[in-house]
Structures are given as C-alpha cells and as structure tokens.
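Q: the sequence and its predicted three-dimensional model are supplied below.
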Amino acid sequence: MARKLIRARRLVVDEDTVYMWSVRHKHTPGAAGARDCRTTLSLRREGTTARLEIVFRQLPGRIVSGGYWHSGAVGDTGQNSLNLHEPGAARRLLDEARERGLLPAAAGTTEVDGWPLFDAVATG
C-alpha cells in the first residue's frame, strides 16, 4: 500500500521531545530553462511553528529521487545513500542538525543545505 508522501509523521526523540516530519520532492523552473530538482526533509518540533527544512538539491555527484530512484532517496556517486522516509534516517539528520546548532529557535522556516549533514551521517 502506498504511503501518503506529504503526511507528517511523529518522531519521538525522548519523553519530552517529539518532532513532526515529512518528505517532499519538487521541481521548479530555473535559469535558462534548467529545473531545480530537490528533495526536502521538513522537521517541526511539536507545539511550535519553527520548522527546519533540510534541502537536498541535485548537483554534480549528488543524486535525489526524481524518476530514477525511489521516493525519498538521496545519495552520492560513491554509493552512499539515505531513504528520507525511514525514521532512522530522519533521526540521524535531526541529531546532526542539532549538534551543528541548526535547529531554529524562533517561529518560521529555516532552510539548510542537506549535503553537509548527509556527508556526516551517511558516510560516518
């Protein structure tokens, strides 16, 4: 049975901390007819409106789902990959973002490049 891909899911960090998370894939028009292809992991601490969006853009040597891979897949050409629909992958990226001080404290959306986080959790 197919999962509703944009539906937020609960990620329990500890007895007092729960995050809602979802994964989306998007194409937007870019310069000179090129398309910006991205997969985004959104994390919002329950009870707040502060959201962290970890964005994986298709770049040379970097792969995002977009027809060739399954939904939620991000990877590199060195055979490292993550499935962002897996709770363990979402948790590892959340923990790495927290260690780097990237979690937003104020309301609104904070967008960060996901590839440095990917390098830390997928190859470590």
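A: Sure, I can see it.

Q: most centrally placed residue in this structure?
A: residue 41 (2.5 Å; C-alpha atoms, centre = their mean).

Q: pretty sure that residue sits in a helix.
A: No - counting by DSSP: H, G, I helix; E, B strand; the rest coil, one finds residue 41 to be strand, located in no helix.

Q: shaky segments in this structure?
A: Residues of the chain meeting the criterion pLDDT under 70: 1-6, 30-34, 66-69, 124.

Q: ok, now with 50
A: Low-confidence segments of the chain (pLDDT under 50): 1-2.

Q: about what we covered before: can you tell me the closest non-neighbouring residue to the residue nearest to the centre of the chain?
A: residue 54 (4.4 Å; C-beta to C-beta, 6 or more residues apart in numbering). No exception for glycine: its C-beta is placed from N, CA and C like everyone else's.

Q: strands of this structure, start to end?
A: For the chain, the strands defined by DSSP state E cover 9-14, 17-29, 35-45, 50-57, 62-64, 73-76, 81-83, 108-113.

Q: buried set for the third one?
A: The one in question is strand 35-45. Neighbour-count burial for strand 35-45 flags 37, 38, 39, 40, 41, 42, 43, 44, 45 (criterion: 16 or more other C-beta atoms under 10 Å).

Q: give me the angle between it and strand 17-29.
A: When axes from the mean of the first three to the mean of the last three C-alpha atoms, to 10 degrees is applied, the directions of strand 35-45 and strand 17-29 differ by 170 degrees.

Q: can you name every helix or strand that strand 35-45 contacts?
A: strand 17-29, strand 50-57, strand 62-64, helix 87-99 (3 or more C-beta pairs under 8 Å, 6 or more residues apart in numbering; DSSP states H and E).
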